[in-house]
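Trainee: Sequence and predicted structure are below.
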Amino acid sequence: MPRATFNGETIAESDETIVVEGNHYFPPSSVNEALLQGSDTHTVCPWKGTASYKSVVVGGEQAADGAWYYPQAKDEAKNIEGYYAFWKGVEVSD
């Protein structure tokens, strides 16, 4: 089952991820949002839309902007709207 971990803590775990461009997108219900902090960072993907970011914080360690999601995805990416993907030190395993 796909799992996202940081600093020894599970951030998300689900067997219902959606893989897009090699990234597992986790359903929001599978993410421990208590370990995420808001960020002002945004990027734009031409076909998915504008991504919002959150930092992952566990045990005093931080992965700045280590999580991203599309709060209002474009039509081509509606299946991942609100789902989280991870990087920047957050390990995602199958």
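Mentor: Ah, there it is.

Trainee: In what element of secondary structure is Ala73 found?
Mentor: Using DSSP states H and E, Ala73 sits in no helix or strand.

Trainee: what about the nearest residue to it once chain neighbours are set aside, distance to Pro28?
Mentor: Using CB to CB, 6 or more residues apart in numbering and skipping the chain neighbours, the partner closest in space to Ala73 is Glu81 (4.0 Å). Using the backbone N, CA and C atoms, a C-beta is placed for each residue, glycine as well. Relative to Pro28, Glu81 is positioned 10 Å away (CB to CB, to the nearest Å).

Trainee: since we're on Ala63, how many residues are nearby?
Mentor: Residue crowding around Ala63 was assessed by other CB atoms under 10 Å; the count is 22.

Trainee: For the host helix or strand of it, buried residues please.
Mentor: Taking DSSP H and E as the criterion, the element that holds Ala63 is strand 61-69. For strand 61-69, the neighbour count (16 or more other CB atoms under 10 Å) marks 62-63, 65-69 as buried.

Trainee: Dump these to TSV, plus distance to Thr17.
Mentor: Written out in TSV, the entries for those read as follows (distance: CB to CB, whole Å):
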residue	distance to Thr17
Gln62	24
Ala63	19
Asp65	20
Gly66	16
Ala67	14
Trp68	14
Tyr69	13
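
Trainee: contacting residues around Lys74?
Mentor: Neighbour list for Lys74: 47-49 [criterion: CB atoms under 8 Å, 6 or more residues apart in numbering].

Trainee: For the closest residue to Ile80 other than its chain neighbours, name its beta-bridge partners.
Mentor: Closest residue to Ile80 in three dimensions, ignoring its sequence neighbours and counting by CB to CB, 6+ apart: Tyr25, at 4.5 Å. The bridge-partner assignment for Tyr25, based on DSSP bridges, gives Ile18.
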